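# Let's see this in three dimensions:
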Amino acid sequence: METSIVIAGFGGQGVLFAGQVLAYAALDQDLHVTWFPSYGPEMRGGTANCTVVVGDEPIGSPLVRNPHVVIAMNRPSMDKYEPLVKPNGLLLINSSLVNRPLERDDIQAVGIPANHMAENLFGNTRLANMIMLGALIALRPIMPLEAVKDALANHLPERHRHLLDANFRALETGAEYVQENILV
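Next comes the predicted model:
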């Protein structure tokens, strides 16, 4: 079984990092994985996205035209990727930054107020990416949440180790939000 995931947003939202964490978690679970980043020339504020493909068999290509899942961290990402999600796929929307209705009725769309949640929990929005990743794992359990947490613990650079507990809490918060508000 293969799952393709696009994570998209502005530079500085941790889009590429969230994809890396997911890719490391897949590798650590002995799954096949590709991680394909793409970003504009600006470091912060420009566009950024990455494609992660996870499977239990070798992956033919890291390029994905119609992903199974899209995490849209902002409105431009939703506008760009909503039409591309596979029918019956999942569009996970950062509803803190996206305020328009869905145009399709053949996909599952779930809004997570990730920026608001991160601001309330941590005093800034920098962990909204991990909230969205936790929500993804709760909605599409391609691997256990513990595997994602282990990947963070095993691969987070030393200079960011002091943020490990906050990242864990953000992942758990996203998963709990889905359990309490979406999967009821």
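
# how long is stretch 35-51 from one end to the other?
6 Å (Cα to Cα, to the nearest Å).

# now it: how far from the chain's centre is it?
Averaged C-alpha coordinates place stretch 35-51 at 14 Å from its chain's average position (Cα atoms, centre = their mean, to the nearest Å).

# And it, what's buried?
35, 36, 47, 48, 49, 50, 51 (16 or more other Cβ atoms under 10 Å). Placement of C-beta: from N, CA and C, glycine included.

# same question, stretch 107-126
107-119, 122, 125-126.

# Okay, residue 115 and residue 38: tell me how far apart.
Distance, residue 115 to residue 38, using Cβ to Cβ, to the nearest Å: 22 Å.

# Could you find the closest non-adjacent residue to residue 100?
Nearest residue to residue 100 in three dimensions, chain neighbours excluded: residue 75, at 6.8 Å (Cβ to Cβ, 6 or more residues apart in numbering).

# buried residues in stretch 158-174?
Buried-residue list, stretch 158-174, by 16+ other Cβ under 10 Å: 163, 167, 168, 169, 170, 171, 172, 173, 174.

# Redo those as CSV? Include distance to residue 138.
Below are these laid out as CSV (distance: Cβ to Cβ, whole Å):
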residue, distance to residue 138
163, 22
167, 16
168, 15
169, 15
170, 13
171, 10
172, 10
173, 11
174, 7
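
# so residue 147 is in which element?
Following DSSP states H and E, one finds residue 147 within helix 145-155.

# Quick check: what element follows that helix along the chain?
As assigned by DSSP H and E, the chain's next helix or strand after helix 145-155 is helix 164-181.

# Centre of the chain to that next one, how far?
Put simply, helix 164-181 sits 13 Å off its chain's centre (Cα atoms, centre = their mean).

# Alpha carbons only: can I get that helix in CSV?
This file holds the C-alpha atoms of helix 164-181, laid out as CSV (Å, rounded to 0.1, in the frame of the first residue of the first chain):
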residue,chain,number,x,y,z
LEU,A,164,11.6,18.1,21.7
ASP,A,165,9.0,18.1,24.4
ALA,A,166,7.0,20.9,22.8
ASN,A,167,7.1,19.0,19.5
PHE,A,168,5.8,15.9,21.2
ARG,A,169,3.0,17.9,22.8
ALA,A,170,2.1,19.5,19.5
LEU,A,171,1.9,16.1,17.8
GLU,A,172,-0.3,14.8,20.6
THR,A,173,-2.5,17.9,20.5
GLY,A,174,-3.2,17.4,16.8
ALA,A,175,-4.0,13.8,17.2
GLU,A,176,-6.3,14.5,20.3
TYR,A,177,-8.1,17.2,18.4
VAL,A,178,-9.0,14.7,15.6
GLN,A,179,-10.1,12.1,18.2
GLU,A,180,-12.3,14.5,20.1
ASN,A,181,-13.7,16.6,17.3
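
# and the two most separated of the buried residues of stretch 158-174?
For the buried residues of stretch 158-174, the maximum inter-member distance is 15.9 Å, found between 163 and 174 (Cβ to Cβ).

# Fine by me, we can end here.
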